[in-house]
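Participant: Here is a sequence together with a model predicted from it:
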Amino acid sequence: MTVTTDPTPPALPPSDAVGDPASDGAPDSSLASFGYPQELRRRMGRYASFAAGFSFISVLTTVFQFFSLGYSFGGPLFFWTWPAVLAGQLLVAACFAELAARMPIAGAIYQWASRLGTPAFGWYAGWIMVIGRIVVVAAAALALQVVLPAVWPGFQIVGGDPSPTTTTGAANAAVLGLALLALTTLLNVLDNRALSAVNTLGVTAEIAGVALIVTLLATHAERDPGITLHTGGEGGLITALLVGSFTAAYVLIGFESASEMSEETVNPRRTAPRTTLGALTTSGVCGGLLLLGGLLAAPSLTDGRLAAEGLGYVLTSTLGDDLGRVLLADVAVAICAATLAIQTSATRMLYSMARDGVLPRSARLARVPRRTGMPGTAAVVVGVGAALLLLLNLASPQAFLAIGTTCIAMVYLAYAMVTAPMLVRRLRGEWPPPADGARDELGRPLFSLGRWGLPVNALALGYGLLMTVNLAWPRAEVYDPEGGHWYFRWFTVLVLCATVATGAGYRWYRRRGAEVDADAVRA
């Protein structure tokens, strides 16, 4: 087998790659200047692009999944970590929006890091993001356990306590997650019209559900917003804020999914930047209102149920069982849409890297049948990888939190691997590129940060690195509260090291193979 070296994509987009008014008029002209044919079907409009980012973030999924964690450590005060994390992520999203306008390519993180930095640096960014997103898919699928047994006890297939932190709850979460992954993998193999339709339906249901839940919680408020200035969680103030920020950190990721779908989006240079920022802003507002509504309407802040059961307890206790179950069913729909969107985003990253021939079995992973226009093999690999991670939940309930925080840390690190070389380019005067005066598909100027680019970029990088360290820090009280499971305490660090080591080993194998082939040719 011939093993190739890394391709060398252009460091920055050439002038004729930016602002071609007819770039989407022909089947493959949008990607020709980047060296790629148009294989994926370009059918997604602006709302579908917004849905890709909003579904990935999915405030209903992740707020319900991680509210109890934030509250148990930070008490009501953890609410203020939400606007802080949102502000940091908006800095990152602004940098990504500028990149999306100039490089509308699938596998955005990998492509951007490769062109701003080096092909090797971009490969590691893409590799970390692929592994991280597979972990995110597994974590999202596990969220069904938080709501479905509360909707109907029959969903507790593995009998016993439905709480995700118990043995029976963790096992049942794996069973429900496996069923969901089978469905989302099937949709990711079919035509992207079905994918867009399900995403759009899920987003519409989620936005309507958020509006209804926030309104109902506001009408059942038991206290005033001043309660958010009080602590009440475990540990001191600093620990409360740092660990409490995990909720917002987990929720507010994936906004760049609109950029991942650029090769399937109409007018991507104009659409992707707007929907990237729009999805994050909308999610940030909706999530903040959900947190505040839950804190104000909870029957009690001190009986321990809010820290153990989260928002699900607030809905069923405050609004009654029947209405609470209806709203939780809407949350379940949002979880399904989120898992689908995350798997789609991971699939596009895997496809983009395989298209460059830098992964094992690249030709197979990059295959796009004309009948479907979807990278089906890549979708199956992501689905199987996530399913294997779900099996960790059968070993211990603590795997639930370990899987969740690991995926966030890996995503944040991959984000930093884009904003770092981007900042270096700015300091050298090489970004924005010389063609920055070009226009998008509709003849309008490209999105640009202008003179704010340097401070925004620097703050985005600093925030991303600090949050990565915060998430990966091996706190025993978070990852191993019962003791005796050192591997869960160090799970995030171990997975990060294993990911980098595996990637380095594969790259050494490829280089060694290339040297052997070269020697054979010379002989």
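Facilitator: Alright, I've got the coordinates. Numbering: from 1, shown residues only.
Participant: Can you list the low-confidence ranges for the stretch 401-523 of the chain?
Facilitator: For the stretch 401-523 of the chain, applying pLDDT under 70 flags the ranges 435-438, 440-442, 514-523.
Participant: try 80
Facilitator: Scanning the stretch 401-523 of the chain with the threshold set as pLDDT under 80 gives 401-404, 434-444, 477, 479-485, 513-523.
Participant: Can you tell me the closest non-neighbouring residue to the spatially most central residue of the chain?
Facilitator: Among the residues of the chain, the one closest to the centroid is G254, at 3.3 Å (Cα atoms, centre = their mean). Nearest in space to G254, with sequence neighbours left out and distances taken as Cβ to Cβ, 6 or more residues apart in numbering, is F56 at 3.1 Å. Every residue, glycine included, has its C-beta placed from N, CA and C.
Participant: wait, what's in contact with that neighbour?
Facilitator: Taking Cβ atoms under 8 Å, 6 or more residues apart in numbering as the definition of contact, the neighbours of F56 are I253, G254, F255, S257, A279, A338, A341, I342, S345.
Participant: could I get the residues you listed as CSV with pLDDT, secondary structure and distance to T231?
Facilitator: Converted to CSV, the contacts of F56 look like this (pLDDT from 0 to 100; DSSP: H, G, I helix; E, B strand; the rest coil; distance: Cβ to Cβ, whole Å):
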residue, pLDDT, secondary structure, distance to T231
I253, 92, coil, 26
G254, 90, coil, 30
F255, 92, coil, 30
S257, 89, helix, 35
A279, 94, helix, 32
A338, 90, helix, 31
A341, 91, helix, 35
I342, 92, helix, 33
S345, 93, helix, 36
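Participant: which one among the residues you listed gets closest to V469?
Facilitator: Taking Cβ to Cβ as the measure, V469 sits nearest to I253 out of the contacts of F56, at 16.3 Å.
Participant: Number of residues surrounding the spatially closest residue to the closest one that is not a sequence neighbour?
Facilitator: The spatial neighbour of I253 that comes closest, neighbours along the chain excluded (Cβ to Cβ, 6+ apart), is V411 at 5.0 Å. The tally of other residues near V411 (other Cβ atoms under 10 Å) stands at 25.
Participant: element containing V411, please.
Facilitator: According to DSSP states H and E, V411 maps onto helix 399-427.
Participant: re earlier: V243: which of the contacts of F56 is nearest?
Facilitator: Nearest to V243, judged by Cβ to Cβ, of those is I253 at 17.2 Å.
Participant: correct me, but the closest one touches L413?
Facilitator: No - with contact defined as Cβ atoms under 8 Å, I253 and L413 do not form a contacting pair (11.6 Å).
Participant: my guess is the residue nearest to the centre of the chain contacts T61, does it?
Facilitator: No - in terms of Cβ under 8 Å, G254 does not count as a neighbour of T61; the distance is 10.8 Å.
Participant: coming back round to it: just the buried ones from the contacts of F56?
Facilitator: I253, G254, F255, S257, A279, A338, A341, I342, S345 (16 or more other Cβ atoms under 10 Å).
Participant: Who are the contact partners of the third one?
Facilitator: This points to F255. F255 makes contact with G53, F56, I57, Q89, A93, F96, T276, L277, A279, L280, S283, according to Cβ under 8 Å, 6+ apart.
Participant: Number of residues surrounding the third one?
Facilitator: When neighbours are counted by other Cβ under 10 Å, I57 registers 28.
Participant: ok, now the first one?
Facilitator: Counted with other Cβ under 10 Å, the neighbours of G53 add up to 29.
Participant: Could you check how far the nearest residue to it once chain neighbours are set aside is from G429?
Facilitator: Nearest residue to G53, sequence neighbours excluded (Cβ to Cβ, 6+ apart): A279, at 3.1 Å. A279 sits 31 Å away from G429 when distances are taken as Cβ to Cβ, to the nearest Å.
Participant: One more: S448?
Facilitator: Look at S448 and G429: by Cβ to Cβ, they are 15 Å apart.
Participant: Could you do G169 as well?
Facilitator: Following Cβ to Cβ, the distance that separates G169 from G429 is 55 Å.
Participant: ok, the two, which is more surrounded?
Facilitator: When neighbours are counted by other Cβ under 10 Å, G169 and G429 differ, and G169 comes out ahead with 21 against 7.
Participant: List the buried residues in the helix or strand hosting S283.
Facilitator: Secondary structure here is read from DSSP H and E; on that basis S283 sits in helix 268-297. Applying a neighbour-count criterion of 16+ other Cβ under 10 Å, the buried positions in helix 268-297 are 268-280, 282-284, 286-297.
Participant: One more: stretch 177-185?
Facilitator: Along stretch 177-185, the positions that meet the burial threshold by neighbour count (16+ other Cβ under 10 Å) are G177, L180, L181, T184, T185.
Participant: Need the residues you listed in a markdown table (columns: pLDDT).
Facilitator: Formatted as a markdown table, the entries for the buried residues of stretch 177-185 read as follows, by pLDDT from 0 to 100:
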| residue | pLDDT |
| --- | --- |
| G177 | 94 |
| L180 | 96 |
| L181 | 96 |
| T184 | 95 |
| T185 | 95 |
